[in-house]
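Visitor: sequence isn't available, so here's the structure alone:
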DNA sequence: CCAAAAGTGTTTTAGCTACACCCATGA
DNA sequence: TCATGGGTGTAGCTAAAACACTTTTGG
């Protein structure tokens, strides 16, 4: 088993997570920057020997965001033989003067299970881990160069999210408990990367039958106050 | 590393494959029966240390079916901590008097990547492996009880196949090179588990624009001879 | 000539788009 | 009263479903 901080993990298996958030009308994801290397990566982690895969991911996300009950979806498993043989992880460990006799297993061939998470970016103060300098939101349209195949992981995750958008009304997970129809539409537009028609969008969402209408929101702006909605559980 | 026949494999990682075929108007899958145990399972296997995940699955399927270029789709990774701690694999190894000092790693916690394959059942004489008695087609509606979580794997695989059916015209992979529209419709009905409207189905398939029409097929039956179609590559 | 199944034309329906109108709000 | 954005009604379009008519085949 690989050992991190005294815990044993499955060798050769990892997860990487595309954590989507929404702010300033843009779709963003959380990216780690490693100390002294200028290398950027998705948050990821390893699976303890007696831990469910899903639990491992929840644990990792909770450490990174402080949130419980995150909306999570597994989307693909990346298993190319040399996908992490790029030297980047070695550089990261070296910059941290890590003990390779204990952490060397991280450099071996690694199959990674891709997950995406949807969170309300406003509620979170992202936390870097012990190897990383910062953990920040990046606009999905303007990501830094990522290590290994992480760009492919992001693209695949976004593409699956887009496909799932219709079936599952996932957009609500990126917003506060109560939100206006306009906010929801902005989320959909950001995910799909295209403008949607206002009237049609409103009718379609209400037609799904799982939105509940609440009081109006008086924003102080000079126009009719919109209703607030929440998702029916 | 785990060792089978002198080759080294990734520990704690496996794949299981739902191999769909179509015959007698029914959707079927390939199921192995293990020697002297009455235990049934999906065909699966392990990943060599330097082998792409996809390659490992192709290799395994080719051993089981003799086919190259099988249509394959990865659909989910099953990672519950105790999913294979059911004692069934131990019974199988014991019935085969296997050397546990070499094969014991198979009994440890195993994360499994689920794939489905679509093949033309008529072209194949399925081959059991060294541990299994038989490898036979079973009607998807009438499967034997399977070991571990293999029933869940089948259900998830079928459900993803159903979802993908529209986007990818996958049905053709279950048929010979040339087929009639009625055969194709029967495949769709078997996968979706519902009757489809003949006229609408024909129009929809032709409307996709990737079917090519060939000569008519004279079956000897007392009705109009249908055209044969093939898939445009 | 008949029954059965195939191909295709026509009608009906449903969902979505686009446009437009009116309403509420705060400046 | 005006500009702005929100809710909703309506007309038009398009794709799919349902129906039906015609054709081909072998008995």
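Guide: In hand now; what should we look at? Predicted, not measured: the structure shown is a model, and the values here were computed from it. Numbering: from 1, shown residues only, chains lettered A, B, ... in the order given.

Visitor: and the biggest helix by length in chain A with DNA strand D, contact?
Guide: For chain A, the helix with the greatest residue count under DSSP state H is helix A:150-168. No: between helix A:150-168 and DNA strand D, judged by C-beta under 7 Å from any atom of the strand, nothing touches; the nearest distance is 14.7 Å. Every C-beta, even on glycine, is put in place using the N, C-alpha and C of the backbone.

Visitor: what mean pLDDT does that helix get?
Guide: Mean per-residue pLDDT for helix A:150-168: 94.

Visitor: where exactly do the helices run in chain A?
Guide: A:53-65, A:88-95, A:100-103, A:150-168, A:181-192, A:198-208.

Visitor: how far does the lengthiest strand in chain A sit from its chain's centre?
Guide: Longest strand in chain A, counting residues (DSSP state E): strand A:7-23. The chain centre lies 10 Å from the centre of strand A:7-23; the measure is C-alpha atoms, centre = their mean, to the nearest Å.

Visitor: buried stuff in that strand?
Guide: Residues A:9-22 are the ones in strand A:7-23 that count as buried (16 or more other C-beta atoms under 10 Å in any protein chain shown).

Visitor: quick check, it touching chain B?
Guide: Yes: Strand A:7-23 lies within reach of chain B by C-beta under 8 Å from any C-beta of the partner chain, at A:10-13.

Visitor: next one: stretch A:67-81
Guide: Yes: counting by C-beta under 8 Å from any C-beta, chain B has neighbours in stretch A:67-81: A:74, A:76-77, A:79-81.

Visitor: of those, which is the most crowded?
Guide: residue A:79 (26 neighbours; other C-beta atoms under 10 Å in any protein chain shown).

Visitor: domain-wise, how is chain A divided?
Guide: Per the record, chain A has its domains at A:2-172, A:177-231, by automatic domain parsing.

Visitor: deepest-packed of these, please.
Guide: A comparison of the domains of chain A by mean neighbour count, using mean count of other C-beta atoms under 10 Å in any protein chain shown, puts domain A:2-172 on top with a mean of 18.

Visitor: tell me if that one is near DNA strand C.
Guide: No: counting by C-beta under 7 Å from any atom of the strand, DNA strand C has no neighbours in domain A:2-172; the shortest distance is 8.2 Å.

Visitor: thinking again about what came up before, any chance of the helices of chain A in CSV, with distance to residue B:57 too?
Guide: Compiled in CSV, these are given as follows (distance: least, C-beta to C-beta, whole Å):
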stretch, distance to residue B:57
helix A:53-65, 19
helix A:88-95, 26
helix A:100-103, 30
helix A:150-168, 18
helix A:181-192, 31
helix A:198-208, 37
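
Visitor: worst mean pLDDT among those?
Guide: Among the helices of chain A, helix A:100-103 scores lowest, with a mean of 86.

Visitor: measure how far that one is from the centre of its chain, please.
Guide: Computed by C-alpha atoms, centre = their mean, the chain-centroid distance of helix A:100-103 equals 29 Å.

Visitor: can you check stretch A:42-62 too?
Guide: The chain centre lies 14 Å from the centre of stretch A:42-62; the measure is C-alpha atoms, centre = their mean.

Visitor: first vs last residue of that stretch, how far apart are they?
Guide: From its first residue to its last, stretch A:42-62 covers 15 Å (C-alpha to C-alpha, to the nearest Å).

Visitor: go on, stretch A:32-50?
Guide: End to end - C-alpha to C-alpha - stretch A:32-50 spans 27 Å.

Visitor: check whether that stretch comes near chain B.
Guide: Yes: Stretch A:32-50 is in contact with chain B by C-beta under 8 Å from any C-beta, via A:47, A:49-50.

Visitor: return the member of those nearest to residue A:155.
Guide: Nearest to residue A:155 among the residues of stretch A:32-50 next to chain B is residue A:47, at 23.9 Å by C-beta to C-beta.

Visitor: so what's the closest one closest to, chain neighbours aside?
Guide: With C-beta to C-beta, 6 or more residues apart in numbering or on different chains as the criterion, residue A:47 has its nearest non-adjacent residue at 4.2 Å, and that residue is residue A:56.

Visitor: who in chain A is up against chain B?
Guide: A:10-13, A:47, A:49-56, A:74, A:76-77, A:79-81, A:109, A:111, A:113.

Visitor: and the domains of chain A: which comes nearest residue B:164?
Guide: Nearest of the domains of chain A (C-beta to C-beta): domain A:2-172, 10.1 Å.

Visitor: and the nearest residue to residue A:149 once chain neighbours are set aside, how far is that from residue B:225?
Guide: Nearest non-adjacent residue to residue A:149, counting by C-beta to C-beta, 6+ apart: residue A:83, 4.9 Å away. Distance, residue A:83 to residue B:225, using C-beta to C-beta, to the nearest Å: 52 Å.

Visitor: tell me which of the domains of chain A lies nearest to residue B:220.
Guide: domain A:2-172 (44.8 Å).

Visitor: and the closest one, how far out from the chain middle?
Guide: The chain centroid and the centroid of domain A:2-172 are separated by 8 Å under C-alpha atoms, centre = their mean.

Visitor: any idea of the mean pLDDT in stretch A:121-129?
Guide: Here the average pLDDT along stretch A:121-129 is 86.

Visitor: and it, end to end?
Guide: End-to-end distance for stretch A:121-129, by C-alpha to C-alpha: 18 Å.

Visitor: can you check stretch A:88-107 too?
Guide: Stretch A:88-107: ends 9 Å apart by C-alpha to C-alpha.

Visitor: same check, this time on stretch A:105-114
Guide: End-to-end distance (C-alpha to C-alpha), stretch A:105-114: 20 Å.

Visitor: same question for it, mean pLDDT?
Guide: For stretch A:105-114, the per-residue pLDDT averages 96.

Visitor: what sits up against it?
Guide: Residues from elsewhere that reach stretch A:105-114 (C-beta atoms under 8 Å, 6 or more residues apart in numbering or on different chains): A:2, A:11-18, A:44, A:53, A:57, A:74-79, A:81-85, A:89-90, A:93, A:100, A:153, A:156-157, B:10, B:13, B:47, B:49-50, B:53, B:77, B:79.

Visitor: how about 6 Å then?
Guide: Here stretch A:105-114 makes contact (C-beta atoms under 6 Å, 6 or more residues apart in numbering or on different chains) with A:2, A:11-16, A:75-79, A:84, A:89-90, A:153, A:157, B:77.

Visitor: and the residue nearest the centre of chain A?
Guide: residue A:19 (0.8 Å; C-alpha atoms, centre = their mean).

Visitor: these two touch, right, it and residue A:31?
Guide: No: Residue A:19 lies out of contact with residue A:31 (C-beta atoms under 6 Å); the separation is 9.1 Å.

Visitor: how close does residue A:105 sit to residue A:11?
Guide: 5 Å.

Visitor: rewinding a little: specify the angle between the longest helix of chain A and helix A:88-95 in degrees.
Guide: Between helix A:150-168 and helix A:88-95, the angle comes out at 110 degrees (axes from the mean of the first three to the mean of the last three C-alpha atoms, to 10 degrees).

Visitor: same for helix A:150-168, what does it pack against?
Guide: strand A:7-23, strand A:71-78, strand A:111-118 (3 or more C-beta pairs under 6 Å, 6 or more residues apart in numbering or on different chains; DSSP states H and E).
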